[in-house]
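[1] okay, here's the prediction I keep looking at, along with the sequence it came from:
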Amino acid sequence: MIKLKNGYGIVSDGKSYTLVQDAIQKSKDGVETEIKKQISFHSTLEGALQGYSNCRMADLVSNFDLGLKDVEQVIDKLKEELKGYE
């Protein structure tokens with residue numbers, strides 16, 4: 001597994017890649033279990049990293065009010081982060 005920031009990760013079955021996110025699953029009887037929630041499936045590692053980038057941007061846009069200049073800065077930071085995984 002490749003551990004990414006903010007609870008994301010990438011797992012592989014040897015043929016494809018799955019972007020996952022840490023989550024808590026609650027059963028009917030109230031028991032909470034930590035799981036890896038499947039976010040998206042990809043044929044390449046590069047595709048999975050792009051999926052991660054898209055999810056992070058969506059997280060930021062949904063949680064913060066960003067101006068266009070802020071978005072540009074966030075995109076630049078994400079690109080730098082992704083370079084670390086190449």
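    It's in. Numbers count the residues shown, from 1 in each chain.

[2] rounded mean pLDDT for stretch 20-27, please.
    With pLDDT averaged residue by residue, stretch 20-27 scores 92.

[3] can you map out the strands along this protein?
    Along the chain, the stretches classed as strands by DSSP state E are 2-3, 8-12, 17-26, 32-42.

[4] just checking, what packs against the third one?
    When contacts are defined as 3 or more C-beta pairs under 8 Å, 6 or more residues apart in numbering; DSSP states H and E, strand 17-26 packs onto strand 8-12, strand 32-42, helix 45-63. For every residue, glycine as well, the C-beta is placed using N, CA and C.

[5] so it versus strand 8-12, what angle?
    With axes from the mean of the first three to the mean of the last three C-alpha atoms, to 10 degrees as the criterion, the two stretches strand 17-26 and strand 8-12 enclose an angle of 120 degrees.

[6] list the contacts of Ile39.
    Taking C-beta atoms under 8 Å, 6 or more residues apart in numbering as the contact definition, Ile39 lies against 8, 18-21, 51, 55.
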